[in-house]
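# What follows is a predicted protein model with its sequence.
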Amino acid sequence: MVDHKSYLFCDMFIIMAKKFACGDVVSGCGWSTTANDENELFQKISEHAKNDHNMTSIPNEIIQKVKSKIQEA
């Protein structure tokens, strides 16, 4: 059985939503988010990193860690 809450139906295409938990990369951080795609997800992650972790830029090493922890919602 398909859980339709995890899918965004767009015309003839099905797009899986994405989710990320910051604590998977930054120990002790309880922030998490979901988005319709990775672009939207990274916008949210970037805002969180700037506002809550005082990061003005995100090093490539961290970006790779974040990418490895993104899951289907």
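Looks like it came in fine.

# and the nearest residue to Ala49 once chain neighbours are set aside, helix, strand or coil?
Setting aside the residues directly before and after it, Ala49 is nearest to Met55 in space (C-beta to C-beta, 6 or more residues apart in numbering), at 4.2 Å. The C-beta positions use only the backbone N, C-alpha and C, and glycine is treated the same way. Three-state secondary structure (criterion: DSSP: H, G, I helix; E, B strand; the rest coil) places Met55 in coil.

# the strands in the chain, which residues?
Chain-ordered strands for the chain, with DSSP state E as the definition, fall at 7-10, 13-16, 18-21, 32-35, 71-72.

# Span of stretch 18-37 from start to end?
Between the opening and closing residues of stretch 18-37 lies a distance of 6 Å (C-alpha to C-alpha, to the nearest Å).

# buried residues in that stretch?
Taking 16 or more other C-beta atoms under 10 Å as the neighbour-count basis, stretch 18-37 is seen to contain the buried residues 18-20, 22, 25-26, 31, 33, 35.

# re the thing from before, what about the residue nearest to Ala49, how many residues close to it?
Applying the criterion other C-beta atoms under 10 Å, we find 13 residues in the vicinity of Met55.
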